[in-house]
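Peer 1: predicted structure and sequence below. I'll ask about it afterward.
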Amino acid sequence: MTSDRSARPVNSAFSRRTLDAAPLASAFEREGYLLFPRLLTRRATAQAQRAASRLLRRRHASVPSGWLLGLHQRNQPEPQRWVERIAADPAVARLVRALLGGSRPVLVSSQLFVKRAAGRADDEAAPSSGEVPWHQDGAAGGHSLAIWLPLDAIDPTGHNGGLAVLPRLHASGRLPSEPCEANAASFDRIQPEALAGHEATAVRYALAAGGAGLHGPLTPHSSPPNASGADRRVLVLRYCAAGAPAVRGERLWAPGGAVAAAGGEPRTQIPCWSSGELIDRQGLLVGGEGGAAAPSPDGGGSPNENGTKRKRGAG
């Protein structure tokens, strides 16, 4: 019998779909996003939900419940190996590598982001349940992407604050924006005139817990307020190509140990979730194996399959 520790967290159907990632990479390049109805197994989803609940109960009072950062990092007092197992799973790494043009991926950030239930005001450090404006992510260009992995079912109407994206608008590049404060964080909100005629094309995620959406850094995305009676929890994994500027100067780890220490000081520091103290940000180098294999039997993962702090863009 396979132990929980060694069992792969990724659903077998997702693994099969990534064997030939070329069609997925083509769709991602064209649309700016992909949706997968299920990425995690049901067991892994339940384990992630329990782990997230423990983290939220035990986090330091100074750490907002929406910004539990660097969960995969080995310099955390309690590294969350369940996050590492998801982020470095061979099927996930294979897909991310294909979407990054064949470059080996580095997980540069992991975040548990919670939109509180409507009306909950019992946590002064928590972000509100409010709207996140239309924005694009950081400045790593086409060499980065985010996996948005809900731990609670996402209502397609947006009732519980699910993510929405604007397909194909990433092809227009960096859109004019202006700083704003929203949902207890700073964002570079896209100026309304740059979105004229595009908001009608918005695609709202409709995902079960354990499903996933992937979007590129230039894909405009937003989320409405959480008007439901339950918190909305999402694990956000952000990857960059190993040679991207966002990775330089960070200590990189691979499953099993340290593999590289680039020159210079770490780019940023983040608060430790359990103590509130600042720690250096660390990347996780994933996807050592190369190449695609046999074609997918069903070709899933197409954009239409489902009939931050500043520039973190968690949604």
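Peer 2: The structure has been received and is ready for your questions. Being a predicted model, the structure only gives us computed values, none of them experimental.
Peer 1: can you list the low-confidence ranges for the stretch 1-150 of the chain?
Peer 2: Where the stretch 1-150 of the chain drops to pLDDT under 70, the residues are 1-6, 120-129, 138-142.
Peer 1: the strands in it, which residues?
Peer 2: 33-36, 68-69, 105-115, 132-135, 144-150 (DSSP state E, counting those that start in this stretch).
Peer 1: pipe those strands into a markdown table and attach mean neighbour count per row.
Peer 2: Where you see a C-beta, it was placed from the backbone N, CA and C, and this is true even at glycine. As requested, the strands of the stretch 1-150 of the chain are exported to a markdown table (neighbours: other C-beta atoms under 10 Å):
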| stretch | mean neighbour count |
| --- | --- |
| strand 33-36 | 24 |
| strand 68-69 | 26 |
| strand 105-115 | 26 |
| strand 132-135 | 23 |
| strand 144-150 | 26 |
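Peer 1: what residues does Val165 make contact with?
Peer 2: 32-33, 202-203, 205, 213, 215, 219-221 (C-beta atoms under 8 Å, 6 or more residues apart in numbering).
Peer 1: Ala87 too?
Peer 2: 72, 107, 110, 237, 284, 286.
Peer 1: quick check: it vs Gly102, distance?
Peer 2: 19 Å (C-beta to C-beta, to the nearest Å).
Peer 1: with Val165 instead?
Peer 2: From Val165 across to Gly102, the span is 24 Å (C-beta to C-beta).
Peer 1: work out which residue lies at the spatial centre of the chain.
Peer 2: The structure's the chain has its C-alpha centroid closest to Val236; by C-alpha atoms, centre = their mean the separation is 2.6 Å.
Peer 1: who does that residue bridge with?
Peer 2: Counting by DSSP bridges, Val236 is bridged to Gln111, Trp148.
Peer 1: that one against Val108, yeah?
Peer 2: No - Val236 lies out of contact with Val108 (C-beta atoms under 8 Å); the separation is 11.4 Å.
Peer 1: and Ser144, how far from Thr219?
Peer 2: Ser144 is 11 Å from Thr219, by C-beta to C-beta.
Peer 1: so where is the stretch 201-315 of the chain shaky, pLDDT-wise?
Peer 2: Looking at the stretch 201-315 of the chain by pLDDT under 70, you get 245-267, 288-314.
Peer 1: ok, which stretches of it are strands?
Peer 2: So, for the stretch 201-315 of the chain - with DSSP E, counting those that start in this stretch - the strands run 203-204, 212-215, 221-223, 232-241, 251-254, 257-261, 269-271, 278-280, 282-285.
Peer 1: other SSEs contacting the last one?
Peer 2: Read that as strand 282-285. Judged by 3 or more C-beta pairs under 8 Å, 6 or more residues apart in numbering; DSSP states H and E, strand 282-285 is in contact with strand 105-115, strand 251-254.
Peer 1: with the shortest one instead?
Peer 2: Judged by 3+ C-beta pairs under 8 Å, 6+ apart, the packing partners of strand 203-204 are strand 164-165.
Peer 1: in its sheet, what does the strand it packs on sit against?
Peer 2: Sheet partners by DSSP bridges: for strand 164-165, these are strand 203-204 (antiparallel), strand 221-223 (antiparallel).
Peer 1: can you redo the helices and strands packed on strand 282-285 as a markdown table with distance to His60?
Peer 2: Output for those, formatted as a markdown table (distance: least, C-beta to C-beta, whole Å):
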| stretch | distance to His60 |
| --- | --- |
| strand 105-115 | 14 |
| strand 251-254 | 23 |
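Peer 1: nearest to His159, of these?
Peer 2: strand 105-115 (11.5 Å; C-beta to C-beta).
Peer 1: measure Glu131 to Ala21 for me?
Peer 2: Glu131 sits 34 Å away from Ala21, going by C-beta to C-beta.
Peer 1: so those two - more neighbours on which side?
Peer 2: Set Glu131 next to Ala21 and count neighbours by other C-beta atoms under 10 Å: Ala21 wins out with 22 against 16.
Peer 1: so what's the nearest residue to the more buried one once chain neighbours are set aside up against?
Peer 2: Closest residue to Ala21 apart from its sequence neighbours, by C-beta to C-beta, 6 or more residues apart in numbering: Ala98 at 3.5 Å. Contacts for Ala98 (C-beta under 8 Å, 6+ apart) come out as 18, 21-22, 24-25, 292.
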